[in-house]
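sequence below, structure please.
(one chain, ligands or ions: 1)
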Amino acid sequence: MTTDRRVLVHPDKDSLAGAVAARFITKIIDILDEYDEAHVVLSGGSVNTAVLAAIKNSPAQNNVDWHRISFWWGDERFVEASSADRNDLQAREALLNHIPVDEAKIHAFASTDQIADIDEAAADYARQLDEAAPDGARYPRFDIMFLGVGPDGHIASLFPGLAGIRETEKTVVSVLNSPKPPPLRLSLTLPVIQSADRIWLVMAGADKASPLGLALAGASIEEVPAAGAQGRKRTVFFVDKDAAAEVPESLIAPSY
Ligand SMILES: O=C(O)[C@H](O)[C@@H](O)[C@H](O)[C@H](O)COP(=O)(O)O
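As a prediction, the model looks like this:
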């Protein structure tokens, strides 16, 4: 695991979303030059959804060979497929419905109408990860993993103080008591998150200043799960000015 973590600050949420979208398009084109296939993990939340919309709206996205990308999610709300709460629905509406992706490569978590039991739904996603994994591994090599961060410091659906953040064996956990509604969720676990080559955390707003400051200052992962978001090659916090309020000056890389 690398300790290379960077903070890139943009003036506001719109310019942040546009900049992350542009960087994603450039980076994924590079990755697809190097590998036959890429695996990207998407996140819910308003900021990451704005990034997806900005990717859709960028003319440069026509240069991406979307068929060669598999899409996964870091977490999902365990609700009906048609619920507006579903992260996959938001991502489809913002981006996936508008680009030539291979439907078989969209790996959504099961909804309650597909699998009624939450633990079976978690096992189902673990199976999907396993089936896409190289020999001897339990999940694919994730090229880019997007994460949002909650005001409480949660990432995916790994919340401070709950059991999920301590899970080291399973690749997917069910969450029965999320402090943020809806209470039932499915989430990748920390070892899977930390296996990603690149983790891109995208955060905007004053309520993210404290979790970001704490994560960078070395808070305990159990108290501030975002502190555990460290990818193998690179971890970048893409943030707006408000979210950057408690970031030490020395960690801020120039970005505009
Ligand atoms: O758990 C959830 O219900 C949210 O999806 C959450 O994980 C979200 O990603 C962050 O809170 C960031 O949200 P914003 O991007 O809207 O700030």
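
how about the helices of the stretch 51-200 of the chain, start to end?
Taking DSSP state H, counting those that start in this stretch, the helices of the stretch 51-200 of the chain run over residues 87-94, 118-131, 190-194.

now the ones you listed in JSON lines, with distance to Val51?
Glycine gets a C-beta too; all of them are placed from N, C-alpha and C. Shown next, in JSON lines, are the helices of the stretch 51-200 of the chain (distance: least, CB to CB, whole Å):
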{"stretch": "helix 87-94", "distance to Val51": "8"}
{"stretch": "helix 118-131", "distance to Val51": "23"}
{"stretch": "helix 190-194", "distance to Val51": "18"}
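
among those, which is nearest Asp207?
helix 87-94 (19.7 Å; CB to CB).

counting contacts, what elements does that closest one pack onto?
helix 46-57, strand 69-73, strand 75-77 (3 or more CB pairs under 8 Å, 6 or more residues apart in numbering; DSSP states H and E).

and it with helix 46-57, angle?
Going by axes from the mean of the first three to the mean of the last three CA atoms, to 10 degrees, helix 87-94 is angled at 30 degrees with respect to helix 46-57.

any buried residues in helix 87-94, and which?
87-92, 94 (16 or more other CB atoms under 10 Å).

now the angle from it to strand 69-73?
130 degrees.

state the mean pLDDT of helix 87-94.
Averaged over helix 87-94, pLDDT sits at 98.

how far is that helix from where the chain is centred?
13 Å (CA atoms, centre = their mean, to the nearest Å).

ok, Leu89 touching Val79?
No - assessed by CB atoms under 8 Å, Leu89 is found out of contact with Val79, at 9.8 Å.

that older thread, how about the helices of the stretch 51-200 of the chain in JSON lines, adding distance to the ligand?
Shown next, in JSON lines, are the helices of the stretch 51-200 of the chain (distance: least, CB to the nearest ligand atom, whole Å):
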{"stretch": "helix 87-94", "distance to the ligand": "6"}
{"stretch": "helix 118-131", "distance to the ligand": "16"}
{"stretch": "helix 190-194", "distance to the ligand": "13"}
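
quick one on the thing from earlier: of the helices and strands packed on helix 87-94, give the one that comes closest to the ligand.
helix 46-57 (3.4 Å; CB to the nearest ligand atom).

and the closest one, anywhere near the ligand?
Yes - using CB under 6 Å from any ligand atom, helix 46-57 reaches the ligand at 46-48.

now render those residues as CSV, adding pLDDT and neighbour count.
Below are the residues of helix 46-57 next to the ligand laid out as CSV (pLDDT from 0 to 100; neighbours: other CB atoms under 10 Å):
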residue, pLDDT, neighbour count
Ser46, 97, 12
Val47, 98, 25
Asn48, 98, 25
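
quick check: angle from the lengthiest helix in the chain to helix 46-57?
When the chain is parsed with DSSP state H, its longest helix is helix 13-34. Put simply, helix 13-34 runs at 60 degrees to helix 46-57, going by the same axes, to 10 degrees.

quick one: buried residues of helix 13-34?
13, 16-21, 23-25, 27-28, 31-32.
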